[in-house]
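1. pasting the structure only:
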């Protein structure tokens, strides 16, 4: 599908993407780059990596697909560093979990200076970080958002969709703004709640943690994610996350009020609605 793919930021997602490209024969050559010298050294030992470059500009030279897998706050600035170095006709995308700010800034920085930027967000990953946890099937069966803006060329959007579908992903096309609204509810809000719950429990008797069953572990697994990365995500999607929190607070207050007033029917109805939504997640 591509002669050469540049992976900028070969952590969990970047390394898994490179492995999947090789396993599925989607790229003739995979080139990696990281700001950290130790990460570049690790890449040189991995079979999914054909070359490691010392600069991002060198990595994108000759690449017809560039995928930025760095933290969200660094994506647009990195695109700015690449402007003028990306091959004409190359497709540039990212895997960041916020899109509005990234897409608008990156597209502006790259416009007329080689390549076309169209945002992506594969909904894959885990609370674990680093290429040590990468695997070639990370993307298989997962959803992926592609987030073009108004006048992005249709053929480039279609090419990016085909790329993610070739990794066995189900692709949904949304505007960057609509994407940020959706993920604020289904991704960023759950992380916020899990982290705040664990933060609250940390203030209680530390011995209680030894008595916890799988329910607490299952419901708070994502709180183990990198705090630095999630601080960036919360900041970039602040407005949509705050709106999602407002809606969740309404639901929480409704359940609390029903419990406070000993309204067993109301408590049961709210619990049943939650159960039905959770049960659908197992089949959809």
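-> Sure thing, it's come through. What you see is a predicted model, and the numbers here were worked out from it, not measured in a lab.
2. List the buried residues for the longest helix along the chain?
-> Secondary structure of the chain per DSSP state H: the longest helix is helix 238-260. Residues 240-241, 244-245, 258 are the ones in helix 238-260 that count as buried (16 or more other CB atoms under 10 Å). For every residue, glycine as well, the C-beta is placed using N, CA and C.
3. Please enumerate the strands of the stretch 101-250 of the chain.
-> 116-117, 119-122, 143-147, 170-173 (DSSP state E, counting those that start in this stretch).
4. what's stretch 131-142 in contact with?
-> With CB atoms under 8 Å, 6 or more residues apart in numbering as the test, stretch 131-142 has contacts from 10-20, 22-23, 39, 42-43, 46, 122-126, 164, 167-170.
5. try 6 Å
-> With contacts defined as CB atoms under 6 Å, 6 or more residues apart in numbering, stretch 131-142 is touched by 10-12, 15-16, 19-20, 23, 122-124, 167-169.
6. tell me how far it is from the chain's mean position?
-> Taking CA atoms, centre = their mean, to the nearest Å, one finds stretch 131-142 lying 13 Å from the centre of the chain it belongs to.
7. mind listing what's buried in it?
-> Buried residues in stretch 131-142, defined by neighbour count with 16+ other CB under 10 Å: 131, 134, 136, 138-139, 142.
8. Centre-most residue in this protein?
-> The chain has residue 97 as the residue nearest its centroid, 3.8 Å off, counting by CA atoms, centre = their mean.
9. Need the three-state assignment for that one.
-> Three-state call for residue 97 (DSSP: H, G, I helix; E, B strand; the rest coil): coil.
10. what about residue 127, neighbour count?
-> Other residues lying near residue 127 total 15 when counted by other CB atoms under 10 Å.
11. With residue 177 instead?
-> By other CB under 10 Å, the residues close to residue 177 number 15.
12. Would you check how far apart residue 224 and residue 96 are?
-> Separation of residue 224 from residue 96 (CB to CB, to the nearest Å): 20 Å.
13. Between these two, which has more neighbouring residues?
-> residue 96 (27 against 15).
14. quick one: contacts for the closest residue to the more buried one other than its chain neighbours?
-> Closest residue to residue 96 apart from its sequence neighbours, by CB to CB, 6 or more residues apart in numbering: residue 72 at 4.3 Å. For residue 72, the contact set (CB under 6 Å, 6+ apart) comprises 96, 98, 232-233, 236.
15. what's the most distant pair in those?
-> 96 and 232 (9.2 Å; CB to CB).
16. ok so, going back, can I get the contacts of stretch 131-142 in CSV with pLDDT and distance to residue 197?
-> Output for the contacts of stretch 131-142, formatted as CSV (pLDDT from 0 to 100; distance: CB to CB, whole Å):
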residue, pLDDT, distance to residue 197
10, 95, 32
11, 93, 26
12, 95, 24
15, 97, 31
16, 97, 29
19, 97, 34
20, 97, 34
23, 94, 38
122, 97, 27
123, 95, 22
124, 91, 24
167, 97, 33
168, 96, 34
169, 97, 30
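17. could you flag which of these are buried?
-> Of these, these count as buried by 16+ other CB under 10 Å: 10-12, 15-16, 19-20, 122-124, 167, 169.
18. Out of those, which is nearest to residue 34?
-> For the buried ones among the contacts of stretch 131-142, the closest approach to residue 34 (CB to CB) belongs to residue 10, at 6.0 Å.
19. State whether the closest one is indeed within a strand.
-> No. According to three-state DSSP, residue 10 belongs to no strand; its state is coil.
20. Pop out the phi and psi values for the residue nearest to it when sequence neighbours are not counted.
-> Leaving out its chain neighbours, the residue that sits closest to residue 10 by CB to CB, 6+ apart is residue 32, at 4.7 Å. Main-chain dihedrals, residue 32, degrees, to the nearest 10: phi -120, psi 150.
21. what ranges do the helices span in the stretch 1-150 of the chain?
-> All helices of the stretch 1-150 of the chain, identified by DSSP state H, counting those that start in this stretch, fall at 12-24, 37-43, 56-60, 72-82, 100-110.
22. How far off centre is the longest helix of the chain?
-> Per CA atoms, centre = their mean, the displacement of helix 238-260 from the mean C-alpha position of its chain is 25 Å.
23. again with stretch 51-58
-> 23 Å.
24. Mind checking the pLDDT average for it?
-> Averaging pLDDT along stretch 51-58 gives 96.
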